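>>> give the three-dimensional model of this entry:
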Amino acid sequence: MDQVEQAGPSSPMNVLVVDDESNIRKTMMVFFETQQHQVTAVSNAQDALTEAGLHIFDLAFVDLRLGLESGLDLVSSLLAVSPWLKIVVITAFASVDTAVEAIRRGAVDYLPKPFLPGQLKIVLERLAAIRALEHRISLLQEDLSRNDPDLSLSSSHPPMQRVLELARQVSTSDAVVLLRGPSGTGKTLLARLIHRWSHRSEKPFGVVSCPSLNQELLESELFGHVKGAFTGALRDNPGRVASCEGGTLFLDEIGDLPQPIQPKLLRFIQEREYERVGDHRTKRANVRVIAATNADLESAVASGLFREDLYYRLNVIQITLPSLAERSGDIEAIAGNMLAFFNAQNHKLIEGFTPGVLNFFRTYSWPGNIRELRNVVERAVILCTSSMIGEELLPESMASTRQPQIMIGDRLKLETVEEQHIRRVLASAASVHEAAEILGIDKATLWRKRKQFGL
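Here you go, the predicted structure:
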C-alpha cells in the first residue's frame, strides 16, 4: 500500500491490525480511519490477544508471519477469545497451501502483499456486507421467534401519546432510560421501539430478566465468564454486554437486581468497563442501557435494598406507561391489532369482536394489562369457530368479574358500590387525573383505592 484512498464511510466497525511492519500498520490505520472505522494496530500475537481481551472487535487483519511467531496460530487463539470475529490473513508469502490452512483455521479471507487500497476496500466492504447480513438474519430469527404483536404506535389517551412522543425523542440519544409502570403494560415492547428508532437499530438488542436467575448466573449472563470460573463453566461465555456491542441492553425488572451486582452495573453504566466472572482483565463495551421496573424503587432505596447512586444513574430519563384500564379508549384498537396477529399465526379469518365483548373490554379492570389482553385474544382466536369472537369465548375467570348493574338503594356494602363506581369512572375518564377530579379525591387517594380494589 503506497497511498490512502478517500472514500465514503460504511457502517462503523472496530478493526484490529496485527503486523510486525510499522509502515504497514500506519498505512492501514490511516486507511481505516478515512473509512470512519475505529482501528487498533499491534505488532505481535501477545499484544493482539491482550487487545482482544480488552475490546470487542468486528474484524482483524493478521499477518501470516509475526517475527518468529505464526499468524495462523494467532487466528485460532483470537477466535477462541472472540468467536464472532472476522479474520483476514495478509502475507507476502502467499501460497495455495497457506491460504487453505488459513481458512481451515477459521479465517474468512486471504490477502497477498503487496495490496492496493482498492483491494483492501473491496475486502472491507464485502466483510461489512456479510456482517450486516448476519445481523439482519439474527433480527429476522428474533422476530420469527417472538410471540407478541408490536406495540401500537397510536393512542387516543393523552398520557400514552406523551409516552410515545417522549420515547421517540430519547431514542436519538444514548441516555439511560428507565421505563416504569404496572406489569404487563408493554415496557419490553417500548424498549424495542426505542432501539428500533435509534442510530443503534442495526446493532443487537439484548434482554436480561433480572429476577430470572440467581446472583452468580445473572452476573455471568450480564458480563460473561471464563472457562472454569465456577462449577459448570465448561467454556468461555462473552456475556450479554459483549454480544450487544454497539446496540442496546434491556434490563427487565431492575428492582430485583441482586445487591452485589448493583455496584458492578453502576460502574459499567458510568465508565463502560466491566470484568467477566473469573477474569481479572477489564473490558470495555459501547452499549446503551434501558431498564424497566414495576417496583417502588424509591422505597427500595430508602430501605437500603437498592443503591441510591445506581437509582439516580438509571433515572436519567423516566417514562411511565399507563395501565390498560386507564387507556380504555385504546383497547378496541389494541385488541384488533392482536386479532390480526393471531389470525395470521393460526391461519384464521376471524372478522372481529361482538359489541358485547368490546363493551366488556372497555369496562374490565385488566389487572394483567396488555399481557392479559394478549392472552385473552389468543385464547379466543384458537377456540373461535365462527367469524366473530363472542362473550362465550372469554375465560371464566373474567366472566366471574362481571357485576350486575348497581342501583342506589340496593342492599349492598358501601365498599362494593365504591369499587364499581371507581371502576366505571376509570374506564370512562381520559386519565387518572381526570378520574380523580370526577371522584372529588386526590390522585394519591385514588391510587390507594385502585390498589385496594385491584384496579
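>>> going forward, measure contacts between C-alpha atoms and count neighbours the same way
Will do.
>>> any idea where the strands of the stretch 251-400 of the chain begin and end?
Counting by DSSP state E, counting those that start in this stretch, residue ranges of the strands within the stretch 251-400 of the chain are 273-274, 283-284, 288-293, 317-320, 352-353, 388-389.
>>> most tightly packed of those strands?
strand 288-293 (a mean of 23; mean count of other Cα atoms under 10 Å).
>>> just to revisit the earlier point, adding mean pLDDT, write the strands of the stretch 251-400 of the chain out as CSV.
Listed next are these as CSV, based on pLDDT from 0 to 100:
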stretch, mean pLDDT
strand 273-274, 92
strand 283-284, 89
strand 288-293, 96
strand 317-320, 96
strand 352-353, 96
strand 388-389, 95
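>>> OK, contacts around V75?
Neighbouring residues of V75 by Cα atoms under 8 Å, 6 or more residues apart in numbering: V62, I87, A102, R105, G106, A107.
>>> buried set for the helix ranked longest in the chain?
Taking DSSP state H as the criterion, the chain has its longest helix at helix 117-145. By 16 or more other Cα atoms under 10 Å, the buried positions in helix 117-145 come out as P117, L120, K121, V123, L124, L127, A128, R131, L139.
>>> now T445: which helix or strand?
T445 is located in helix 443-453, with elements delineated by DSSP states H and E.
>>> mind giving me the packing neighbours of that helix?
Judged by 3 or more Cα pairs under 8 Å, 6 or more residues apart in numbering; DSSP states H and E, the packing partners of helix 443-453 are helix 432-439.
>>> give the buried residues for the helix it packs on.
Neighbour count says helix 432-439 has V432, A435, A436 buried, by 16+ other Cα under 10 Å.
>>> follow-up on the earlier one: contact partners of the helix holding T445?
By Cα under 8 Å, 6+ apart, helix 443-453 touches E419, V432, H433, A436.
>>> flag the shaky bits of the stretch 251-400 of the chain, pLDDT-wise.
399-400 (pLDDT under 70).
>>> just the helices in it please.
262-271, 297-302, 308-314, 331-346, 355-363, 369-383, 396-399 (DSSP state H, counting those that start in this stretch).
>>> so for L324, which of these sits nearest?
With Cα to Cα, the closest approach to L324 among the helices of the stretch 251-400 of the chain belongs to helix 369-383: 5.0 Å.
>>> mind checking the end-to-end distance for stretch 273-291?
With Cα to Cα, to the nearest Å as the measure, stretch 273-291 spans 18 Å from end to end.
>>> please compute how far that stretch lies from its chain's middle.
In this view, stretch 273-291 has its centroid 16 Å away from the chain centroid, taken as Cα atoms, centre = their mean, to the nearest Å.
>>> who wins for proximity to V289 among the helices of the stretch 251-400 of the chain?
helix 262-271 (7.4 Å).
>>> mind listing what's buried in that closest one?
By 16+ other Cα under 10 Å, the buried positions in helix 262-271 come out as Q262, K264, L265, L266, F268, I269.
>>> isn't the fourth one right next to R313, touching?
It stands for L266. Yes - L266 lies in contact with R313 (Cα atoms under 8 Å); the separation is 7.4 Å.
>>> thinking again about what came up before, C-terminal to the longest helix of the chain, what's the next element?
helix 158-171.
>>> hang on, R235 in a strand?
No - read with DSSP: H, G, I helix; E, B strand; the rest coil, R235 is coil and lies in no strand.
>>> tally up the residues packed near it, please.
12 (other Cα atoms under 10 Å).
>>> using the three-state scheme, assign the closest residue to it other than its chain neighbours.
Nearest residue to R235 in three dimensions, chain neighbours excluded: K227, at 4.4 Å (Cα to Cα, 6 or more residues apart in numbering). Using three-state DSSP, the structure places K227 in coil.
>>> tell me who's in contact with K227.
A233, L234, R235, D236, N237.
>>> adding pLDDT as columns, could you present the residues you listed in TSV?
As requested, the contacts of K227 are arranged in TSV below (pLDDT from 0 to 100):
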residue	pLDDT
A233	75
L234	76
R235	79
D236	78
N237	83
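>>> what subset of those residues is buried?
By neighbour count, with 16+ other Cα under 10 Å, the contacts of K227 hold D236, N237 as buried.
>>> just flag the most distant two among the contacts of K227.
L234 and N237, at 9.2 Å, using Cα to Cα across the contacts of K227.
>>> re earlier: need the max-distance pair from the contacts of helix 443-453.
That would be E419 and H433, which, of the contacts of helix 443-453, are the farthest apart (Cα to Cα) at 17.6 Å.
>>> just for the stretch 1-150 of the chain, where's the confidence low?
For the stretch 1-150 of the chain (pLDDT under 70), the answer is 1-11, 94, 138-150.
>>> from S243, how far out is the residue nearest to I261 when sequence neighbours are not counted?
Of all residues not flanking I261 in the chain, E219 sits nearest, at 6.7 Å (Cα to Cα, 6+ apart). Look at E219 and S243: by Cα to Cα, they are 14 Å apart.
>>> and of the strands of the stretch 251-400 of the chain, who's closest to E415?
strand 317-320 (29.4 Å).
>>> give the helix, strand or coil label for L49.
Applying three-state DSSP: L49 is helix.
>>> who touches the closest residue to it other than its chain neighbours in this structure?
In space, and not counting its chain neighbours, L49 is closest to L78: 6.4 Å by Cα to Cα, 6+ apart. By Cα under 8 Å, 6+ apart, L78 lies in contact with L49, A52, L85.
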